[in-house]
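Chemist: Below are the sequence and a predicted model for it; my questions follow.
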Amino acid sequence: MSILDAFNQYFEIIPADSEELKQEVYRYSVQNQAHFANKAH
């Protein structure tokens with residue numbers, strides 16, 4: 001199994017083509033940045 005096949009087995013690419021999806025992506029991005037910033041300390 002290739003890495004692409006493994007990725008596609010667990011994830012689905014969904015374009016953020018609405019304002020609601022863009023806001024959701026932004027929320028996840030901010031959460032991840034905070035999570036990794038806390039782990040760095």
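Modeler: Sure, I can see it.
Chemist: Quick check: Ala34 vs Arg27, distance?
Modeler: Going from Ala34 to Arg27 by CB to CB, to the nearest Å gives 11 Å. Quick note: C-beta positions are derived from backbone N, CA and C, even for glycine.
Chemist: Give me the common contacts of these two.
Modeler: Residues within reach of Ala34 and of Arg27 at once, by CB atoms under 8 Å, 6 or more residues apart in numbering: there are none.
Chemist: my read: Lys22 touches Pro15, true?
Modeler: No - counting by CB atoms under 8 Å, Lys22 sits too far from Pro15 to count as a contact (10.1 Å).
Chemist: Name the single longest helix found in this protein.
Modeler: Longest helix in the chain, counting residues (DSSP state H): helix 19-40.
Chemist: CA atoms of that helix as CSV?
Modeler: The C-alpha trace of helix 19-40 is given here as CSV (Å, rounded to 0.1, in the frame of the first residue of the first chain):
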residue,chain,number,x,y,z
GLU,A,19,-17.8,30.5,4.2
GLU,A,20,-18.9,27.9,6.8
LEU,A,21,-16.2,25.5,5.7
LYS,A,22,-13.5,28.2,5.6
GLN,A,23,-14.4,29.1,9.2
GLU,A,24,-14.1,25.5,10.3
VAL,A,25,-10.7,25.1,8.6
TYR,A,26,-9.5,28.3,10.3
ARG,A,27,-10.7,26.9,13.7
TYR,A,28,-8.8,23.7,13.2
SER,A,29,-5.7,25.6,12.1
VAL,A,30,-5.7,27.8,15.2
GLN,A,31,-6.3,24.7,17.4
ASN,A,32,-3.4,22.8,15.9
GLN,A,33,-1.0,25.8,16.1
ALA,A,34,-1.8,26.2,19.8
HIS,A,35,-1.4,22.5,20.4
PHE,A,36,2.0,22.3,18.8
ALA,A,37,3.1,25.6,20.4
ASN,A,38,2.3,24.1,23.8
LYS,A,39,4.3,20.9,23.1
ALA,A,40,7.4,23.0,22.1
